[in-house]
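Participant: I'd like to go over a predicted model; first the sequence, then the structure.
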Amino acid sequence: MPERRREREWDVAAGTSTAGAAARGEHTHSEVPLPSPPVRPPAENRPSRTETARPVVQRASVRGQILDALRTALVQGDLAPGEVYSAPVLGERFGVSATPVREAMQQLALEGAVEVVPNRGFRVVRRGTRELAELAEIRALIEVPVMLRLARTVTAARWAELRPLAEATVRAASTGCRATYAECDRAFHRAVLGLAGNDQLVQIAEDLHRRAQWPLVGGPVSRGRADLVADAAEHTALLEALIVQDLPVVQSLVREHFAGA
């Protein structure tokens, strides 16, 4: 059974048939092209049905790949604030049906990155400097007390184990690739907060951090290479302050780091 037919049957089973998708809005004229490569090979190069894993597992894998690709496009500015994108058009660009794209976009809508536009698709949310400042304030309120507590309790040897992550942010920043740096940046902060042993804290902080990395409307897509390098240098300085338990420096660096972000 062809791939697109199977995915349409999944849509029907979930109450999201092609007709239903059209009613929600899955077509947009004159869309801005999304310069992203396909996430899987053309149909003629794909294995047959008997050679593939169960369809549900395969679809979940494709949806995850699409979500990652869309998040990267968002950070890079390929998904422009204020622009509307339809699932079928993006699906054609990625070489998949509209179903995994639609599901990934719905996840981005839950995260606040896009909003549903009836009969059209999904619009990338416009953000301004005020929202970015509010996110920085919230992150500081959450993470500064946690890092100060960890600075008093975590051993220097344990902090030293995080050096590879801090160095990874420096290397990523030197490339100037915003998407690569964003991923390394989150990985470092996630590892630091993970030492608190509070999964809910890490999850909330991760969500706030991801939102802070989205581009602003009416301005540059993101910080330039020099800004990324300076930001990465703060990771290294913060780690050194944590190792020697210099609490005033830790507090100052974290607040400045969020303000700069």
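Facilitator: Yep, it's here.
Participant: pLDDT averaged over the biggest helix by length in the chain, what's the number?
Facilitator: The residue-count maximum for a helix in the chain (DSSP state H) belongs to helix 129-153. On average, the pLDDT along helix 129-153 is 90.
Participant: my read: residue 165 touches residue 191, true?
Facilitator: Yes: counting by C-beta atoms under 8 Å, residue 165 does reach residue 191; the two are 5.4 Å apart. The C-beta positions use only the backbone N, C-alpha and C, and glycine is treated the same way.
Participant: neighbour count winner among these two?
Facilitator: Legend: neighbour count by other C-beta atoms under 10 Å for residue 165 and residue 191, higher for residue 165 (18 against 15).
Participant: what mean pLDDT would you report for whichever strand or helix holds that one?
Facilitator: Per DSSP states H and E: residue 165 is located in helix 163-175. Helix 163-175 carries an average pLDDT of 95.
Participant: Could I get the buried residue list for it?
Facilitator: Residues of helix 163-175 classed as buried under the neighbour-count rule (16 or more other C-beta atoms under 10 Å) are 165-170, 172-173.
Participant: any idea which of these is closest to residue 206?
Facilitator: Proximity of the buried residues of helix 163-175 to residue 206, judged by C-beta to C-beta, is greatest for residue 165, which lies at 14.5 Å.
Participant: What is the burial count for the closest residue to that closest one other than its chain neighbours?
Facilitator: Closest residue to residue 165 apart from its sequence neighbours, by C-beta to C-beta, 6 or more residues apart in numbering: residue 188 at 4.5 Å. For residue 188, the neighbour count with other C-beta under 10 Å is 21.
Participant: Likewise for residue 179?
Facilitator: A count of nearby residues for residue 179, using other C-beta under 10 Å, gives 19.
Participant: Got the confidence number for it?
Facilitator: On pLDDT, residue 179 comes in at 89.
Participant: Listing request: residues of this protein with sub-threshold pLDDT.
Facilitator: For the chain, the stretches with pLDDT under 70 are 1-60, 217-223, 259-261.
Participant: now the helices for it?
Facilitator: For the chain, the helices defined by DSSP H cover 3-13, 18-24, 55-76, 87-94, 98-110, 129-153, 156-160, 163-175, 178-194, 199-212, 225-243, 247-260.
Participant: As CSV, those with distance to residue 116 would be great.
Facilitator: Formatted as CSV, those follow (distance: least, C-beta to C-beta, whole Å):
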stretch, distance to residue 116
helix 3-13, 17
helix 18-24, 7
helix 55-76, 15
helix 87-94, 11
helix 98-110, 6
helix 129-153, 20
helix 156-160, 44
helix 163-175, 33
helix 178-194, 25
helix 199-212, 18
helix 225-243, 32
helix 247-260, 31
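Participant: looking at those helices, which is closest to residue 118?
Facilitator: So among these, helix 18-24 is nearest, using C-beta to C-beta, at 6.7 Å.
Participant: so residue 116 sits right up against residue 108, yeah?
Facilitator: No: the pair residue 116 / residue 108 is not scored as a contact, 10.4 Å apart, by C-beta under 8 Å.
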